[in-house]
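Participant: Need the 3D shape of this:
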Amino acid sequence: MAEMETKTGAVEEQAVQTAQDTKFCKHCGNRIAAAAVVCPQCGCQVEEIRSAETPQINITNTNTNTNMIGAVGRMKNKWVAFFLCLFLGGIGAHKFYEGKIGMGILYLFTMGLFFIGWLVDLIALLFKPNPYYV
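Facilitator: Here you go, the predicted model:
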């Protein structure tokens, strides 16, 4: 008999524990887990979805470039480069002006990349802003 009472007590304890870990769905009335947000039986939302708190982000940007906005490199005049390219483009004078010594030497030995590079540079210089940065 004592064994029967122990089993009955254990079943009652388990029922109380289960009742504490569950709740009822507001829409269909079925018993669901206490942490459930959506009812697995009917698919309705039972509670508001709790979103994680947005973390505070501190940005410490000490980049203060007061020289020129968006300017990187050395400033070059568009028209000086254009006229150097127009008259001395075959020997790469505009490339030497821009500080591109390697390309200047290449233009010097190939006559402006066989005048194709000279023509491309001439057109490209027309569309650059004045001043432009190299």
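Participant: what secondary structure does M111 sit in?
Facilitator: helix (DSSP: H, G, I helix; E, B strand; the rest coil).
Participant: Show residues contacting stretch 38-47.
Facilitator: With Cβ atoms under 8 Å, 6 or more residues apart in numbering as the test, stretch 38-47 has contacts from K23, C25, K26, H27, C28, N30, I32, A36, V37. Heads up, the C-betas are built off the backbone N, CA and C, glycines and all.
Participant: rerun at 10 Å
Facilitator: Contact partners of stretch 38-47, identified using Cβ atoms under 10 Å, 6 or more residues apart in numbering, comprise 23-33, 35-37, 49.
Participant: Please save the CA atoms from that stretch in CSV.
Facilitator: In CSV, the C-alpha atoms belonging to stretch 38-47 read as follows (Å, rounded to 0.1, in the frame of the first residue of the first chain):
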residue,chain,number,x,y,z
VAL,A,38,3.2,30.3,-31.6
CYS,A,39,0.8,27.4,-30.9
PRO,A,40,2.0,24.2,-32.6
GLN,A,41,-1.6,22.9,-32.8
CYS,A,42,-3.4,25.8,-34.6
GLY,A,43,-0.4,27.9,-35.7
CYS,A,44,-1.7,31.2,-34.1
GLN,A,45,0.6,33.6,-32.3
VAL,A,46,0.0,33.4,-28.6
GLU,A,47,2.4,36.1,-27.3
